[in-house]
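> Got a sequence here, can you model it:
(one chain, ligands or ions: 1)
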Amino acid sequence: MSGSPPTASELRSQALDALGQASNQDELSDWHRDVLGRQGSLGQALRNIGQLPKEERRDAGQALNQLRQELETAFNDRQDQVRADALDARLVDERIDVTLPGRTQPMGGLHPLTQMQREALDVFAHLGFQTVEGPEVEYGYYSFDMLNIPKDHPARDVWDTIFIDSGEKEITLRPHTSPMQVRTMLAQDPPVRVVVPGRCYRYEAQDATHEWHFQQIEGLAVDKHITLADLKGTLAEFARQIFGAARQVRFRCDYFPFVEPGVDLSIDCPFCDGSGCRVCSNSGWIEILGAGMVHPNVLEWSGYDPEIYSGWAFGMGIDRLTMLRYGINDIRSFYQNDLRFLRQFQRARI
Ligand code: FA5
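So this is what the prediction gives:
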């Protein structure tokens with residue numbers, strides 16, 4: 001190697017060679033620093049011009065400045081090229097095959113009790129009933145007292161009630177939806193036609209048709225000249241729409257302190273066609289609701305004049321209704337969250 005500084009053309013070929021080797025952003029930055037930077041080879045060559053004979057300096061300076069411009073341009077081009085190559089490489093790396101079939105997401109569905117509840121409410125909506133809701137944690141005052149069941153009345157035992165230890169005021173997990181009869185009448189003037197869906201709780205032994213929590217729909221119709229015939233007509237029509245004309249419906253006298261007279265409605269057992277089995281306790285019938293004409297005391301305490309207004313109410317078990325509708329022989333299936341059971345009802349989406 002001679003001791004003389006490199007010429008512009010030597011610098012040029014060295015720099016372009018090195019630039020051609022730079023294949024990523026780091027190497028490009030190094031190249032820029034080593035060639036075009038303050039301490040780089042081009043800067044060094046410019047500083048060396050002073051050592052040349054005077055007459056050569058101008059041409060040498062011009063040549064080096066031209067070279068700087070050429071190298072700047074070459075650098076920018078190379079940088080664009082390196083970026084484009086990197087992008088191409090990423091596109092190959094991260095390629096998505098859009099032709100692959102998608103993965104199906106597991107879809108939830110409505111619980112059979114929710115489906116049944118909505119279907120029942122829909123039937124009542126078409127019969128002119130409005131849906132309202134009430135509290136699940138309810139004062140004993142509405143669960144019992146206002147329903148003509150004073151404290152120490154033996155009928156309270158019928159509703160094996162779960163009480164909340166709350167001090168002065170008696171508070172229950174409502175054992176039925178009937179408190180909403182009173183709340184509705186206190187809140188609005190007649191005429192009234194409402195249905196009230198909701199959960200109920202009882203301290204009760206569980207078996208094929210009894211759960212400690214279950215769902216009811218309360219119905220209430222109050223107006224002038226309402227009779228028991230309207231109640232029978234409404235419930236018979238409801239049963240026809242839900243179960244079809246073939247199922248038998250049976251009304252019997254029953255006792256509830258807040259109605260007079262009281263009835264219950266049963267459907268002939270679909271599991272044994274009325275001949276008697278475990279599900280219907282060998283009676284051939286499954287009771288789905290209690291009902292009756294609203295007791296004059298309840299009307300009066302709720303602010304309605306029993307001399308002018310009359311009405312009826314019913315309380316229907318949605319769990320039992322769903323069992324009958326789909327042929328489910330154990331009420332506990334609804335609350336065990338067994339997906340094999342629940343998936344059978346998955347047709348309805350939320
Ligand atoms: C009542 O709860 C009254 N409030 C119904 C009523 C309303 C009568 C308005 C008159 C006027 P009962 O305890 O019979 O009555 O319950 C009504 C329905 O709820 C029953 O027919 C049954 O379908 C359902 N039911 C009651 N207890 C349970 C239980 N432990 N598990 C599942 N369903 C039940």
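> List phi and psi for the closest residue to Leu228 other than its chain neighbours.
Among residues not flanking Leu228 along the chain, Met293 sits closest, at 5.9 Å (Cβ to Cβ, 6 or more residues apart in numbering). All C-beta spots, glycine's among them, are computed from the backbone N, C-alpha and C. Dihedral angles of Met293 (phi, psi; degrees, to the nearest 10) stand at phi -80, psi 130.
> Please identify the buried residues of stretch 82-93?
Val82 (16 or more other Cβ atoms under 10 Å).
> Kindly provide the whole-number mean pLDDT of it.
For stretch 82-93, mean pLDDT is 93.
> Would you pull up how far that stretch lies from the middle of the chain?
43 Å (Cα atoms, centre = their mean, to the nearest Å).
> Name the residues that touch that stretch?
With contact meaning Cβ atoms under 8 Å, 6 or more residues apart in numbering, stretch 82-93 is reached by Ala22, Ser23, Asn24, Gln25, Leu28.
> coming back round to it: now do the residue nearest to Leu228 against Val82, distance only.
From Met293 across to Val82, the span is 90 Å (Cβ to Cβ, to the nearest Å).
> Correct me if wrong: Cys253 contacts Glu260.
No - the criterion here is Cβ atoms under 8 Å, and Cys253 misses it with Glu260 at 11.1 Å.
> so where is the stretch 201-350 of the chain shaky, pLDDT-wise?
348-350 (pLDDT under 70).
> quick one, helices of it?
228-243, 296-301, 318-326, 339-342 (DSSP state H, counting those that start in this stretch).
> quick one, which of those is packed in tightest?
Highest mean neighbour count of the helices of the stretch 201-350 of the chain: helix 318-326, a mean of 23 (counted as mean count of other Cβ atoms under 10 Å).
> tell me the angle that one makes with helix 228-243.
Counting by axes from the mean of the first three to the mean of the last three Cα atoms, to 10 degrees, helix 318-326 lies at 50 degrees to helix 228-243.
> Contact partners for the residue of the stretch 201-350 of the chain found nearest the ligand?
Closest residue of the stretch 201-350 of the chain to the ligand, Cβ to the nearest ligand atom: Gly317 (2.1 Å). With contact set as Cβ under 8 Å, 6+ apart, Gly317 has these partners: Phe214, Gln215, Gln216, Ile288, Leu289.
> Kindly recompute the last result at 10 Å.
Residues in contact with Gly317 (Cβ atoms under 10 Å, 6 or more residues apart in numbering) are 176, 200, 209-211, 214-217, 286-290, 323-324, 331.
> These in strands, which ones?
Counted as lying in strands by DSSP state E, out of the contacts of Gly317, are Cys200, Phe214, Gln215, Gln216, Ile217, Ile286, Glu287, Ile288, Leu289, Gly290.
> So what's the residue count around the residue lying closest to Gly262 once chain neighbours are set aside?
Using Cβ to Cβ, 6+ apart and skipping the chain neighbours, the partner closest in space to Gly262 is Gly292 (3.6 Å). The number of residues packed around Gly292, counting by other Cβ atoms under 10 Å, is 22.
> and what of Gln14?
Neighbour count for Gln14, taken as other Cβ under 10 Å: 13.
> just checking, what packs against the helix or strand hosting it?
Per DSSP states H and E, Gln14 falls inside helix 8-21. On a contact count with 3 or more Cβ pairs under 10 Å, 6 or more residues apart in numbering; DSSP states H and E, helix 8-21 meets helix 25-35, helix 41-48, helix 54-93.
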